[in-house]
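Undergrad: No letters, just coordinates:
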Ligand code: APR
Ligand code: PHB
């Protein structure tokens, strides 16, 4: 049998998405060493098109920890959003309603790029394109991660393992059945998302509710628009040539006052299913789950990355405290501390999602309920405040 090269680190991190990279960065600032193992290539990870709305607290954290330079330059600060329904536009003044807080439009893959550069510049270890990752002895004081590089077996011995490997990763399934409670809700619709090289037709995001279903106009830059439409979850992208997508977008976004949608070349196009998912607890022995490995939210409200950031902030502090003082109460409290925010965000994402999507097979009840909700949010300061404070994101707990 081939001998297995063994290396050691304090925290072994599986996954180089926003959760894994930011955790590694925050641990480094606290003097804790980590190694990140990622099964994809650096190029692949940095090119994946994902959501692009940073809550105020997320943007602040990146700036405070020295990875916010490009964000400050290229991020687009928004103070409001538009709800569009009944053929009319209704502005929600997020910042006025939520104590001056804002959101920043900045692609998730740019956050990943910035964090990767910062880690590598600081001498951090990120191993891309590793294969056959598995975690072992997680209920002992000497957990380890095994993997292969070019077919050669390797072992990383750690004090702790952070499972930041997303929804389809290997860490969560390594926890014995019975130790976790799973809460799962699958929605009967999906999003077809496009990226188009055309200046956005709007300054602020438009969340649109139409008889034919939800539509969203977002953006990435002054030259790049990001748009979505509600489709069946098992819809085949082949049924959606570019002309059909634009036609559907025109129909759903149409309003009475002559607003028009600019078209441009579509450079990325994909369909994603939607679900709400949580496991409790987010820890087993010395394995801690963070980000999508522990929970998924539907994309309405763009909370996924923000939630991942909140998790690893808590985890990095708990680990730093353990190394500094030997205290383990913060580690023991990790899951409870995160789940509080996770469930608040689950409820908000579910609420936004159900309010803005057409329910397949609806006999008209859900449709009228949705319109009533939208009219209430658009006309009541109290209702709009609820949307605004959740949308810009609750401040981090101390
Ligand atoms: N071994 C190593 N790496 C893995 C493995 C594995 N077996 N399985 C998955 N990964 C990697 C993926 O390739 C990905 O780069 O783990 C990373 C997980 O990253 P994300 O899926 O981005 O999850 P997370 O960091 O929790 O960020 C949450 O990202 O997925 C979006 O919508 C999500 O916005 C949310 C945010
Ligand atoms: C995006 O820009 O990709 C985006 C914005 C808002 C959402 C979801 C996605 O609610």
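TA: That came through fine. This one's a predicted model, so the numbers in the text were calculated from it and none came from an experiment. Ligands and ions are numbered 1, 2, ... in the order given.
Undergrad: ranges for the strands of the stretch 1-150 of the chain?
TA: Using DSSP state E, counting those that start in this stretch, the strands of the stretch 1-150 of the chain run over 5-8, 11-14, 34-37, 53-55, 76-78, 81-85, 88-92, 103-105, 125-127, 131-136, 144-149.
Undergrad: lowest confidence element among the helices and strands of this structure?
TA: Lowest by mean pLDDT, DSSP states H and E among the helices and strands of the chain is helix 42-47, with a mean of 90.
Undergrad: helix, strand or coil for residue 191?
TA: Classification of residue 191 by DSSP: H, G, I helix; E, B strand; the rest coil places it in strand.
Undergrad: In this structure it contacts residue 228, no?
TA: Yes - using C-beta atoms under 8 Å, residue 191 is in contact with residue 228, at 4.6 Å. Any C-beta I mention is one placed from the backbone N, CA and C, and that applies to glycine too.
Undergrad: List of residues touching the least confident helix or strand of the chain?
TA: With contact meaning C-beta atoms under 8 Å, 6 or more residues apart in numbering, helix 42-47 is reached by 16, 17, 38, 109, 112, 113, 116, 126, 128.
Undergrad: Can you name the residue of the stretch 101-250 of the chain nearest to ligand 2?
TA: Nearest to ligand 2, among the residues of the stretch 101-250 of the chain, is residue 218, at 3.2 Å (C-beta to the nearest ligand atom).
Undergrad: need the residues of the stretch 201-350 of the chain near ligand 1, please.
TA: 291, 292, 293, 304, 305, 308 (C-beta under 6 Å from any ligand atom).
Undergrad: hang on, the earlier thing: including mean pLDDT and mean neighbour count, could the strands of the stretch 1-150 of the chain go into CSV?
TA: Formatted as CSV, those follow (pLDDT from 0 to 100; neighbours: other C-beta atoms under 10 Å):
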stretch, mean pLDDT, mean neighbour count
strand 5-8, 96, 12
strand 11-14, 98, 28
strand 34-37, 98, 25
strand 53-55, 96, 27
strand 76-78, 96, 16
strand 81-85, 98, 21
strand 88-92, 97, 16
strand 103-105, 97, 24
strand 125-127, 98, 17
strand 131-136, 98, 16
strand 144-149, 98, 18
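Undergrad: want to throw the ones you listed into TSV with distance to residue 354?
TA: Converted to TSV, those look like this (distance: least, C-beta to C-beta, whole Å):
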stretch	distance to residue 354
strand 5-8	48
strand 11-14	33
strand 34-37	36
strand 53-55	19
strand 76-78	24
strand 81-85	14
strand 88-92	18
strand 103-105	22
strand 125-127	39
strand 131-136	36
strand 144-149	39
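Undergrad: among the ones you listed, which is nearest residue 276?
TA: Nearest to residue 276 among those is strand 53-55; the distance by C-beta to C-beta comes to 18.0 Å.
Undergrad: List the strands paired with the closest one, with their directions.
TA: strand 103-105 (antiparallel) (DSSP bridges).
Undergrad: Run through who's touching the partner strand.
TA: Residues outside strand 103-105 that contact it (C-beta under 8 Å, 6+ apart): 52-56, 59, 71, 75-78, 94, 205, 218-220, 391-393.
Undergrad: The one residue in the stretch 101-250 of the chain that gets nearest to ligand 1: neighbouring residues, count only.
TA: Using C-beta to the nearest ligand atom, residue 166 is the residue of the stretch 101-250 of the chain that sits closest to ligand 1, at 2.9 Å. The tally of other residues near residue 166 (other C-beta atoms under 10 Å) stands at 19.
Undergrad: if we can go back for a sec, give me the subset of the contacts of helix 42-47 touching ligand 1.
TA: Contacts with ligand 1 within the contacts of helix 42-47, as defined by C-beta under 6 Å from any ligand atom: 16, 17, 38.
Undergrad: Just the pLDDT at the second one, thanks.
TA: We note a pLDDT of 97 for residue 17 in this prediction.
Undergrad: same check, this time on the last one
TA: Reading off the confidence values, residue 38 has pLDDT 98.
Undergrad: Now it. Nearest residue, chain neighbours left out?
TA: For residue 38, ignoring the flanking residues on the chain, the nearest one in space by C-beta to C-beta, 6 or more residues apart in numbering is residue 16 at 3.6 Å.
Undergrad: what's the answer for the second one, then?
TA: Counting by C-beta to C-beta, 6+ apart, residue 17 lies nearest to residue 166, which is 5.9 Å off, once chain neighbours are set aside.
Undergrad: who touches the one you found in this structure?
TA: 15, 17, 291, 292, 293.
Undergrad: Kindly report the same for residue 175.
TA: Applying C-beta under 8 Å, 6+ apart to residue 175 gives the contacts 138, 284, 287.
Undergrad: from those residues, which single one is nearest residue 102?
TA: Nearest member of the contacts of residue 175 to residue 102, counting by C-beta to C-beta, is residue 287, at 36.0 Å.
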